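Colleague: Okay, predicted coordinates and the sequence, questions at the end:
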Amino acid sequence: MSNVSETEKDPEADPATAKPEEPEPSAAALESPASENGRRAGTEAAAARSLEAKAMAASDTTDPVKADAADPLKADAADPLKADAAEPVKADGADPVKAGDAGPAKADAADQRVSLIKAGDKAKDEDPFGSFAPVPEEVPGRARRVAARVGNAVGEFLGHEWTMAAVGSVLLAAFMTWPTLRHPATTIPQDIADPTLQAWQMSWGGHALLTNPAQLWNANAFFPDKYSYAFSDTLLGYAPAGMIGSGPVAALVRYNIMYVLIFALAFFGAYVLARQLGAKPTGAVVAGAAFAYAPWRLGQAGHLHVLSIGGIALALAMLARGHGFSLRDGYQPDRRRWGWVLAGWLVAAWQISLGFGIGIPFVYALLLIVVATAVSWGYRHVRKWAVTRPFGWKLFFANLGGGTVFAAVGALMAYPYLQVLKDHPYARRSEELVGLFSPPLKGFFIAPPESWLWGDAYAAARGTLSWAPEMALLPGFFLYGLAFAGLFVSTWRIKHRIWMLVGVVTSVALAMGTHGFGKGEFGYLALYRALPGFDGIRTSGRLVVWTTLFLALLAAGAVSAFAERAVELFADRTQTERGDRAGFLPRLATLIPVMLVLFEGSHMTPHPVVPNTPVAMSSVPGPLMVLPSHELFDMNVMLWSTDGFPKIVNGGSGFTPMDQQELRLTMQQFPDAATVALLRERGIRTVVVVRSQALGTAYERAIDAPIDGLGLTRTEQGDVVLYKVEAG
């Protein structure tokens, strides 16, 4: 048999004379050298397929498939894929003799070509363009993807403005209140009276809620009086902290930590409020510093409930944000967020749970804001043509639900106080008592002794005040200056500056109490007589909280305007674009007001050592009474009672119950038959006499007086003399 194929004899098989109308080449043609080249190209199947796709896309008038099929040689030259597509396996199998005549080497090569072609066809079926694709990247596993997402989320959270402001607030508070955290287990700010009472309050709230919530208001102190937890502001909102740890040391550590955090919250709350209203970051920092570290607050270092004002600013910021409101942009319905509204009401509810001394004015301030906002919205929505003021049902129900929670918390807090007034009507604050604590106007320009900058300079001026601890109410001279500048140069609109000025004047007039307009008849006394709750506030001067907030916002507007103008001048002078880089130096310069405000807020607050518990209170049978007994020392006893919380007669608060005062006077004769009989009558089982405290007082007799025939058992434990009252 000849090795020359039919196709080679046929001149029409020549590529130059091939007819395009022939559907496909003959089987013999596939054994030509040209077809062998086509088979070799099968190893590059993916590349050829890509070329075919491009040729088909480029041609509008011809069919490249048919053209290549008509002339395999041409197909081999133009597109190697077409020679491979002409069923090479079938061609090889059509004439095995011819394949064998080519010799063993040719047969092996043919078999190899068949394998390569099959592999190419398989690759074509699986991925036509696989050979041209880039090397696939390694796909991370699920754990790596989750870790990456968490890492990105954490990074965004840590880099967010609010996060940095919160962390900065805490760090600044730790620095500004130092050395509060130096020895938190043994010392306490200001003195060992009211602070120890408030350390007990936090501890009792947490203890009662964990063990017996129904007895929350019937505290272990002031036995046997009821509702004794409501004898003063309770700091109930800090009860969750009171659930951590137990005993006097834990109570001290807890108090010192909360003391630092309330300054941080005041700074953060004022910062976010100023930012929400439209202040620049530097201006907001000034507002936070002025609100948290005003000099008058240094004089209240022993009153944690007065210092706890951060929730006021934070709640207002959340409510404004939820309603899409700012001073710079006005009401923006597209920025409404019902979740922020609900959160704002919850923070407001938490704020009043800390105490009514600051909480009652806050309640009425919120009510005034709600009414004014509703009237303004309704007027613009109904009376002005072509003005649409959308509100939304979600926002409505968020306000309704949040306001209901706020009112419910207020009512639950008010109930025990009303019961206290019912049982102890003399606890109500009289107008004469309000007048005794009302500060004069000059008090707003006098610094307390704890002020590092102004304390000594104003010692003589404080001597002219009848009750300096509640009348030295300086918000800050630097703050006054910045706020005054904010009346003329500010980022706020003129009408907003005017309203802030009205707020400053009004709050000062109300804080002056009976020294206000018409001796308070047209100011604080009018509120005292008309509004429920105001008759429970002894010190009108604490309304300086609102004076400070208005001044801080005015100052924030001024500093924000200074920052903007400084950036513009710097950009013009340096011929740079107005941006973050161009404005870095001028913004840094505007931090000077911040430093001045903080400098004025530096303190000289003492941190005395708290007396150790003289006896294990948890091992002493209760109810018990500790001698000597007077208001200030009893506050230490209340702190000691956090060791087990036995029922104690001792207790100090804003007023003294009459039965407690009578027992104090009677116990000056202890031990004798009359006092022992009275102790049995009231169910008091133990008397603890602290020797070092009783020496030189009316209770000194109780240290070593004879007890024969009185039904008492006496033992001594170091500085303590214990008397156990036997059953009669």
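Modeller: Noted; the coordinates are in hand.

Colleague: The most centrally placed residue in the chain: what secondary structure?
Modeller: With distances taken as C-alpha atoms, centre = their mean, A166 lies nearest the centre of the chain, 6.7 Å away. What DSSP: H, G, I helix; E, B strand; the rest coil gives for A166 is helix.

Colleague: just G651 next, same as before
Modeller: Following three-state DSSP, we place G651 in the coil state.

Colleague: Point out where the stretch 451-600 of the chain drops to low pLDDT.
Modeller: Low-confidence segments of the stretch 451-600 of the chain (pLDDT under 70): 570-587.

Colleague: switch the cut-off to 80
Modeller: 566-590 (pLDDT under 80).

Colleague: Helices along that one, start to end?
Modeller: Per DSSP state H, counting those that start in this stretch, the stretch 451-600 of the chain carries helices over the ranges 459-462, 468-471, 477-486, 494-511, 524-530, 544-574, 584-589, 592-600.

Colleague: Enumerate the positions of the third one that are buried.
Modeller: By neighbour count, with 16 or more other C-beta atoms under 10 Å as the criterion, the buried positions of helix 477-486 are 478-480, 482-483, 485-486. Where you see a C-beta, it was placed from the backbone N, CA and C, and this is true even at glycine.

Colleague: Equivalent analysis for stretch 151-167, please.
Modeller: Applying 16+ other C-beta under 10 Å to stretch 151-167 flags 165-166 as buried.

Colleague: F444 contacts G476, doesn't it?
Modeller: No - the pair F444 / G476 is not scored as a contact, 10.5 Å apart, by C-beta atoms under 8 Å.

Colleague: ok, those two, which is more surrounded?
Modeller: Neighbour count, other C-beta atoms under 10 Å: between F444 and G476, G476 has more, with 28 against 20.

Colleague: Which residue is the nearest non-sequential neighbour of the more buried one?
Modeller: Leaving aside its sequence neighbours, G476 sits nearest to E600 (C-beta to C-beta, 6 or more residues apart in numbering; 4.9 Å).

Colleague: Quick check: the one you found vs Y480, distance?
Modeller: Using C-beta to C-beta, to the nearest Å, one gets 10 Å for the distance from E600 to Y480.

Colleague: Equivalent analysis for Y364, please.
Modeller: 26 Å.

Colleague: Next: I446.
Modeller: Distance from I446 to Y480, by C-beta to C-beta: 13 Å.

Colleague: now G205
Modeller: Using C-beta to C-beta, G205 is found at 38 Å from Y480.

Colleague: Likewise for S203?
Modeller: 40 Å.

Colleague: where do the strands sit along the stretch 301-450 of the chain?
Modeller: For the stretch 301-450 of the chain, the strands defined by DSSP state E, counting those that start in this stretch occupy 325-326, 330-331.

Colleague: Output the contacting helices and strands for the helix or strand where A270 lies.
Modeller: For A270, the enclosing helix or strand under DSSP states H and E is helix 247-277. Counting contacts by 3 or more C-beta pairs under 8 Å, 6 or more residues apart in numbering; DSSP states H and E, helix 247-277 packs against helix 161-176, helix 194-211, helix 239-242, helix 281-292, helix 304-307, helix 310-322, helix 544-574, helix 631-640.

Colleague: quick one: contacts of stretch 413-422?
Modeller: Residues from elsewhere that reach stretch 413-422, judged by C-beta atoms under 8 Å, 6 or more residues apart in numbering: 217, 226-227, 229-231, 234, 236, 352-353, 356, 359, 427-428, 533, 536.

Colleague: The same query, at a cut-off of 10 Å, please.
Modeller: Residues from elsewhere that reach stretch 413-422 (C-beta atoms under 10 Å, 6 or more residues apart in numbering): 216-218, 225-234, 236-237, 349, 352-356, 359-360, 363, 411, 427-428, 532-533, 535-536, 653, 655, 657.

Colleague: what's the answer for stretch 365-379, then?
Modeller: Under the contact criterion C-beta under 10 Å, 6+ apart, stretch 365-379 has outside partners 312, 315-316, 319-320, 323, 325, 331, 344-345, 348, 351-352, 387, 389, 391, 399, 403, 406, 503, 507, 531, 545-546, 549.

Colleague: for stretch 657-665, same thing?
Modeller: For stretch 657-665, the surrounding residues in contact (C-beta under 10 Å, 6+ apart) are 221-225, 228, 231, 420, 423-424, 426-427, 625, 627-631, 634, 649-653, 656, 675, 678-679, 682, 684, 698-699.

Colleague: just the buried members of those?
Modeller: 221-223, 225, 228, 231, 420, 424, 427, 625, 627-631, 634, 649-653, 656, 675, 678-679, 684, 699.

Colleague: Please report how far the closest residue to P606 other than its chain neighbours lies from Y259.
Modeller: Closest residue in space to P606, ignoring its immediate chain neighbours: Q190 at 6.6 Å, by C-beta to C-beta, 6+ apart. Per C-beta to C-beta, Q190 is found 9 Å from Y259.

Colleague: Which of those two has more residues huddled nearby?
Modeller: More crowded of Q190 and Y259, by other C-beta under 10 Å: Y259, with 25 against 20.

Colleague: How about F655, nearest residue that isn't a chain neighbour?
Modeller: Using C-beta to C-beta, 6+ apart and skipping residues adjacent in sequence, the residue nearest F655 is A427, 4.5 Å away.

Colleague: For that neighbour, give me its contacts.
Modeller: The contact partners of A427, by C-beta under 10 Å, 6+ apart, come to 230-231, 417, 420-421, 536, 653-657.

Colleague: do L627 as well
Modeller: L627 neighbours (C-beta under 10 Å, 6+ apart): 633, 637, 649-650, 664, 667-668, 670, 687-691, 693-694, 697-703, 721, 723.

Colleague: Spit out the residues that contact E600 and Y480 alike.
Modeller: Contacts common to E600 and Y480, judged by C-beta under 10 Å, 6+ apart, are L474.

Colleague: related to what we said a few turns ago, identify, from the contacts of A427, the entry nearest to V306.
Modeller: G654 (12.4 Å; C-beta to C-beta).

Colleague: Write the PyMOL selection for whichever of the contacts of L627 are buried.
Modeller: Burial among those is assessed by 16+ other C-beta under 10 Å; the matching PyMOL selection reads:
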select buried, resi 633+637+649+650+664+667+668+670+687+688+689+690+691+693+694+699+700+701+702+721+723
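
Colleague: Just the ones of the contacts of L627 in strands?
Modeller: Among the contacts of L627, the members falling in strands (DSSP state E) are 687-690, 721, 723.

Colleague: Report how many residues lie close to P614.
Modeller: Neighbour tally, P614, other C-beta under 10 Å: 20.

Colleague: Contacts only, for A317.
Modeller: 268-277, 340, 344, 347.

Colleague: Mind putting those residues into TSV with neighbour count and distance to H607?
Modeller: Rendered in TSV, the data for the contacts of A317 read as follows (neighbours: other C-beta atoms under 10 Å; distance: C-beta to C-beta, whole Å):
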residue	neighbour count	distance to H607
F268	27	24
G269	28	25
A270	32	26
Y271	32	27
V272	25	30
L273	28	31
A274	31	31
R275	24	33
Q276	21	36
L277	25	36
W340	21	38
G344	25	35
V347	22	30
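
Colleague: my guess is E716 is in a strand, correct?
Modeller: Yes - looking at E716 with three-state DSSP, it is inside a strand.

Colleague: So for it, what's the pLDDT?
Modeller: Note for E716: predicted pLDDT of 92.

Colleague: Thought H323 was touching D334, still the case?
Modeller: No - using C-beta atoms under 10 Å, D334 makes no contact with H323, being 12.0 Å away.

Colleague: more crowded one of those two?
Modeller: H323 (24 against 6).

Colleague: Show me what counts as buried in stretch 609-620.
Modeller: So, applying 16+ other C-beta under 10 Å, buried residues of stretch 609-620: 610-611, 613-615, 617, 620.
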